[in-house]
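Novice: attaching a predicted model along with its sequence, questions to come.
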Amino acid sequence: MEKLSSFSHHEVQMILCGNQSPSWTADDIISYTEPKLGYTRESPGFVRFVQVLCGMSSDERKAFLQFTTGCSTLPPGGLANLHPRLTIVRKLPEYSSEVIMRERLLAATMEKGFHLN
């Protein structure tokens, strides 16, 4: 415990628990996710997905992370240090608008069920 005294309370919490208020930018999502199985970084569905993720509130981001990774927080360093990387595959339907994609994605992420943490 003595060795931890050089860290602030916030730094210790970040090291042990990850980022409790996950945030990301479009550049983060594009750089640290892997579009596969029919998607590329230029695919309209992937671009729409990035826009939806960027428009999420902190609570929505936590729910999304819980839904996709089993944990509602990001590791220190954010998406760059999430392993395995978040992979976006073409199983995501081609929604006609960002609004519809957002509604459906949030509905899925708000479902309660099995949690790993």
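Specialist: Nice, I can see it.
Novice: where does residue 89 fall, phi/psi-wise?
Specialist: When quoted as degrees, to the nearest 10, the phi and psi of residue 89 stand at phi -110, psi 160.
Novice: I'd say it and residue 34 touch.
Specialist: No. Taking Cβ atoms under 8 Å as the definition, residue 89 is not a contact partner of residue 34, at 9.1 Å. C-beta: built from backbone N, CA, C; applies to glycine.
Novice: show the average pLDDT along stretch 83-100.
Specialist: Throughout stretch 83-100, pLDDT has a mean value of 88.
Novice: quick one: buried residues of that stretch?
Specialist: 86, 88, 92, 95 (16 or more other Cβ atoms under 10 Å).
Novice: how long is that stretch end to end?
Specialist: Taking Cα to Cα, to the nearest Å, stretch 83-100 runs 29 Å from one end to the other.
Novice: so how far is that stretch off the chain centroid?
Specialist: In this view, stretch 83-100 has its centroid 12 Å away from the chain centroid, taken as Cα atoms, centre = their mean, to the nearest Å.
Novice: who's in contact with that stretch?
Specialist: Residues external to stretch 83-100 that are found in contact with it (Cβ atoms under 8 Å, 6 or more residues apart in numbering): 32-39, 44-46, 48-49, 51-52, 55, 68-69, 79, 101, 104.
Novice: could you dump stretch 56-70 to PDB, C-alpha only?
Specialist: In PDB, the C-alpha atoms belonging to stretch 56-70 read as follows (Å, rounded to 0.1, in the frame of the first residue of the first chain):
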ATOM      1  CA  MET A  56     -23.900   8.100 -27.200                       C
ATOM      2  CA  SER A  57     -24.100   9.500 -23.700                       C
ATOM      3  CA  SER A  58     -21.800   8.100 -21.000                       C
ATOM      4  CA  ASP A  59     -24.500   5.700 -19.700                       C
ATOM      5  CA  GLU A  60     -25.200   4.500 -23.200                       C
ATOM      6  CA  ARG A  61     -21.500   3.900 -23.800                       C
ATOM      7  CA  LYS A  62     -21.300   1.900 -20.600                       C
ATOM      8  CA  ALA A  63     -24.300  -0.200 -21.700                       C
ATOM      9  CA  PHE A  64     -22.800  -0.700 -25.200                       C
ATOM     10  CA  LEU A  65     -19.500  -1.800 -23.600                       C
ATOM     11  CA  GLN A  66     -21.300  -4.200 -21.300                       C
ATOM     12  CA  PHE A  67     -23.300  -5.600 -24.200                       C
ATOM     13  CA  THR A  68     -20.200  -6.100 -26.500                       C
ATOM     14  CA  THR A  69     -17.400  -6.900 -24.100                       C
ATOM     15  CA  GLY A  70     -19.000  -8.100 -20.800                       C
END
